[in-house]
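**Q** What would the 3D arrangement of this be:
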Amino acid sequence: MFNLFYLTRLKTFVELTIHKLNEYICYFLVFLITTVIIYNEWFVYSLYASKWPSLYCGNEKFCKTILLVADPQILGEERENLLARWDSDRYLFNTYGRALQHVNPDNVIFMGDLMDEGSLADQITFERYLYRFCRIFFLKNTIPLASKNVFFLPGDNDIGGDEEIVIREKIDRFHLYFGSSEVIKNEQIEYVMVNQLIDSMPLNINPTNRTNTMKIMFSHIPLTSKWTKFTDKVLNEFKSEFIFSAHDHSSYNFISNFNNRKQTYVQRLRRNSFSQISSAQWRFGQQPPNIVSEIIVPTCSYRMGSNKIGYGVLIIDTFRHSVTYTILWLPSRFFGLYVYFYVLILCVILYLLHLVTRSSNTIMYRVM
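**A** Numbering: from 1, shown residues only. Okay, here's the model as predicted:
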């Protein structure tokens, strides 16, 4: 008798639930889908941006802030379909816009591999990629794209060099459309752009002591993770204390010794949880003689096979002769796509349940 009482109540609850589901199924499904879209396409980006670390650098007169964009690799038409290209472009657009607003940088440096199939594209296709690139990163579509505040490095996916032969035509095309200088002098700071793909480096027309001018080197290919003759050449010429590179889609700090060409310290710069986003900052003071620190900036594209992605932020303090580096970590787009997939399955199941039960005569029971 006792069991029958609870079974009757359970049956009543199930039938009432089915009845209400059938009555409000359309409203519920619209609410569920709308909530997921708002979360995936707006809220998650704002949530991560709210956790990014605050940027501080004492006297602004002596500080320069640089936003580092590594390996965006906008997807190409040969290997990816329209939907994949559209989604990747929107992700970069949403994240870069928030990063730009958060940092308000003095300079933006794109560190190579701007286009995934740039080196393979013919002229017409390359210009289509360029138009998309400008829309994603809020750039005026005027040639060259480089300006006094925005600089570009070529990567192997832009001009070849990894598994492709680098030819002069590709190099000239990149410089025609992007056109960055190899040395940018900014008060007491020099940005030195080198290209290991073709063993290219600028002339050091103004050699100075390291304590007078901070020379920050930028390279698409890491220079000290695998020491080469080119590494020797550029470091002996410019005596840079800090190198920022990309290409590996990961985040490391390599501290190496000029003299013996060996790494003395390797630090992986990453976050392990959402709560660690706001505390991810590293400060480097003046390096000892013959020591160079190379920081590899992670990719900002979720399509590059890494689940730890973000934008690098570099703050240079010439008064204290220090460098502060942080990463603006980004949300996982694949997680959002999985959420879409599972919610779609849930909606299909609920709707099929609605079709099966809507025509049945639901008997209401009232248990006293």
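**Q** dump the residue contacts of Asp122.
**A** Taking CB atoms under 8 Å, 6 or more residues apart in numbering as the definition of contact, Asp122 has no neighbours. For glycine as for every other residue, the C-beta is placed from the backbone atoms N, C-alpha and C.
**Q** again with Trp52
**A** Taking CB under 8 Å, 6+ apart as the test, what Trp52 contacts is 102, 277-278, 328-329.
**Q** next one: phi and psi at it?
**A** phi -60, psi 150 (degrees, to the nearest 10).
**Q** So which of the contacts of Trp52 belong to strands?
**A** 328-329 (DSSP state E).
**Q** Make CSV out of the contacts of Trp52 and add distance to Met304, pLDDT and neighbour count.
**A** Listed next are the contacts of Trp52 as CSV, based on distance: CB to CB, whole Å; pLDDT from 0 to 100; neighbours: other CB atoms under 10 Å:
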residue, distance to Met304, pLDDT, neighbour count
His102, 22, 94, 18
Ile277, 20, 70, 21
Ser278, 24, 66, 15
Leu328, 16, 94, 26
Trp329, 15, 93, 22
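**Q** between the contacts of Trp52, which is closest to Lys215?
**A** Proximity of the contacts of Trp52 to Lys215 (CB to CB) peaks at Leu328, which lies at 25.1 Å.
**Q** What count of nearby residues applies to Leu29?
**A** 17 (other CB atoms under 10 Å).
**Q** so it sits in a helix?
**A** Yes - Leu29 sits within a helix when classified using DSSP: H, G, I helix; E, B strand; the rest coil.
**Q** In contact with the spatially closest residue to it that is not a sequence neighbour, which residues are there?
**A** Of all residues not flanking Leu29 in the chain, Cys347 sits nearest, at 5.3 Å (CB to CB, 6 or more residues apart in numbering). Counting by CB under 8 Å, 6+ apart, Cys347 touches 29, 32-33.
**Q** could you say which helix or strand contains Ile255?
**A** According to DSSP states H and E, Ile255 maps onto strand 252-257.
**Q** what's the domain layout of this structure?
**A** 1-51+334-368, 57-331 (automatic domain parsing).
**Q** most neighbours per residue, which of the ones you listed?
**A** domain 57-331 (a mean of 18; mean count of other CB atoms under 10 Å).
**Q** Next one: the residue nearest to Ile189 when sequence neighbours are not counted from Asn94, what distance?
**A** Excluding its sequence neighbours, the residue lying closest to Ile189 (CB to CB, 6+ apart) is Met214, at 5.0 Å. Relative to Asn94, Met214 is positioned 33 Å away (CB to CB, to the nearest Å).
**Q** Check Leu68 too.
**A** 18 Å.
**Q** do Ser225 as well
**A** Distance from Ser225 to Asn94, by CB to CB: 31 Å.
**Q** how about low-confidence regions in the stretch 201-350 of the chain?
**A** 205-212, 272-276, 278-280 (pLDDT under 70).
**Q** Leu29 and Ile38, how far apart?
**A** Taking CB to CB, one finds Leu29 at 15 Å from Ile38.
**Q** next one: Pro288
**A** 51 Å.
**Q** Kindly report the same for Phe126.
**A** Distance, Phe126 to Ile38, using CB to CB: 36 Å.
**Q** With Arg132 instead?
**A** Note on Arg132: its distance to Ile38, by CB to CB, is 26 Å.
**Q** can you check Gly76 too?
**A** In terms of CB to CB, Gly76 sits 31 Å off from Ile38.
**Q** ditto for Asn107
**A** From Asn107 over to Ile38 (counting by CB to CB), the distance is 34 Å.
**Q** What of Gly312?
**A** 29 Å.
**Q** What of Val44?
**A** 9 Å.
**Q** check contacts around the residue most central in space within the chain.
**A** Central residue of the chain (CA atoms, centre = their mean): Cys300, 1.4 Å from the mean position. Taking CB under 8 Å, 6+ apart, we find Cys300 in contact with 69-72, 92, 95-96, 309-311, 330.
**Q** swap in Gln196?
**A** Residues in contact with Gln196, defined by CB under 8 Å, 6+ apart, are 219-221, 223, 228, 230.
**Q** Make sure Phe174 is actually in contact with Pro154.
**A** Yes - the pair Phe174 / Pro154 is scored as a contact, 4.8 Å apart, by CB atoms under 8 Å.
**Q** any common contacting residues for the two?
**A** Shared contacts of Phe174 and Pro154 (CB under 8 Å, 6+ apart): none.
**Q** can you pull out the strands in the protein?
**A** 63-69, 107-110, 150-152, 183-186, 189-194, 214-219, 242-245, 252-257, 262-268, 281-284, 291-296, 310-317, 322-329.
**Q** can you give me the mean pLDDT across the second one?
**A** Here the mean pLDDT over strand 107-110 is 96, rounded to a whole number.
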